[in-house]
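S.K.: sequence plus predicted model, see below.
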Amino acid sequence: MADEALSAGAVARRLGVAVTTLRTWHQRYGLGPSQHIPGHHRRYTPADLARLEIMRRLTAEGVSPAEAARWARQAPDPASTDTIGHHRVRPPSRDGGGTIPVGRAGPAARGLARAAMRLDAASISETIAHTLAASGVVATWEGLLRPVLAGIGERHSATAGLIEVEHLVSRCVSEAFAAASRAKVPTGPARILLSCADEEQHTLPLEALAAALAEAGVSYRMLGARVPVGALIEAVSRTGPAAVVLWSHTRATADPGQLSALLAAPRRPLLVLAAGPGWRADSLPAGVVRPVDLAEAVSLSVAVRDSLDQSTEG
């Protein structure tokens, strides 16, 4: 770790705990920031962070906070100590010490993975909200949420476990995206229609797109999960969207016939986007666009909205 002093928020994200937890550990057990620059808030040094990592690990193993704090304070070299008393305390591992793999994702994702394993909803929500405010929806989805959600899925495939973790994290993500969408309500007609394919139940990526569109000032309608093709065509006929985004997470729900039906609709949208890994590029009807990621889906939606607005003004 670089010899950098960190704020309480940065430390909380690395450890996967709430800032209020850090304050409690500081006030009750003396595990606070040690670097002091006159005129500035105290900052956490690498040694402080290593002691807090010991505190976090021992409390997660069921050791009382007071006892865990005693071991953490007594550690002569907290970054490398292997054993303290009868508890084995490992130095921070390269993957962040969690059991959810997040690949090369950064400290915030590793902290989120730790909080997810503890089912710590407050820390999960705090981390997501902070990253949304600091980096925006697309960066939060790509750099923070996708790695953790993919890691949960990978671990579930290998062990058939973590169902409770997936449910809790999904709820926190949904709530965060809903709050982000409410915070920036676009004006003007809803030009974009968002829908899951028939029988598709994975909605989080579509919710991410909705929040990103709101952030970009693009109005939309969200139909949500498991929309039968007849209902989708009826919605298109009634609202006349400029673009329709149809999300499919798995091959089982990616029936190209749904896309063909959209293209044949009486009020055919200007743009039909087949979003998600379920769609096969070689099976898409002519005229359907398959965005490679969330950023491209947002860019295409903004472009078609702008094109329609310009033609209306002209």
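M.R.: Okay, I see it.

S.K.: hey, C-alpha coordinates of the helix or strand harbouring S123 in CSV?
M.R.: Here S123, judged by DSSP states H and E, is contained in helix 121-135. Taking Å, rounded to 0.1, in the frame of the first residue of the first chain, the C-alpha atoms of helix 121-135 are listed here in CSV:
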residue,chain,number,x,y,z
ALA,A,121,-26.8,-3.2,4.4
ALA,A,122,-25.9,0.2,5.8
SER,A,123,-22.3,-0.1,4.6
ILE,A,124,-23.4,-1.4,1.2
SER,A,125,-25.8,1.5,0.7
GLU,A,126,-23.3,4.0,2.0
THR,A,127,-20.6,2.8,-0.4
ILE,A,128,-23.0,2.8,-3.4
ALA,A,129,-24.4,6.3,-2.6
HIS,A,130,-20.9,7.8,-2.2
THR,A,131,-19.7,6.4,-5.5
LEU,A,132,-22.8,7.5,-7.3
ALA,A,133,-22.3,11.0,-6.0
ALA,A,134,-18.6,11.1,-6.8
SER,A,135,-18.4,9.2,-10.1
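
S.K.: enumerate every residue touching the nearest residue to L213 once chain neighbours are set aside.
M.R.: Once flanking residues are discounted, L213 sits nearest to Y220: 5.0 Å by Cβ to Cβ, 6 or more residues apart in numbering. Backbone N, C-alpha and C define where each C-beta goes, glycine included. By Cβ atoms under 8 Å, 6 or more residues apart in numbering, Y220 lies in contact with P186, A190, R191, I192, L193, L194, A210, L213, A214, S301.

S.K.: give me the lowest-pLDDT entry from these.
M.R.: Lowest-confidence member of the contacts of Y220: P186, scoring 81 (pLDDT).

S.K.: burial check on the closest residue to that one other than its chain neighbours, number of neighbours?
M.R.: In space, P186 comes closest to S219 once its chain neighbours are excluded; the distance is 4.3 Å by Cβ to Cβ, 6+ apart. Here the number of neighbours of S219 (other Cβ atoms under 10 Å) works out to 15.

S.K.: thought L193 was touching S219, still the case?
M.R.: No - here S219 does not reach L193: they are 10.7 Å apart, not a contact under Cβ atoms under 8 Å.
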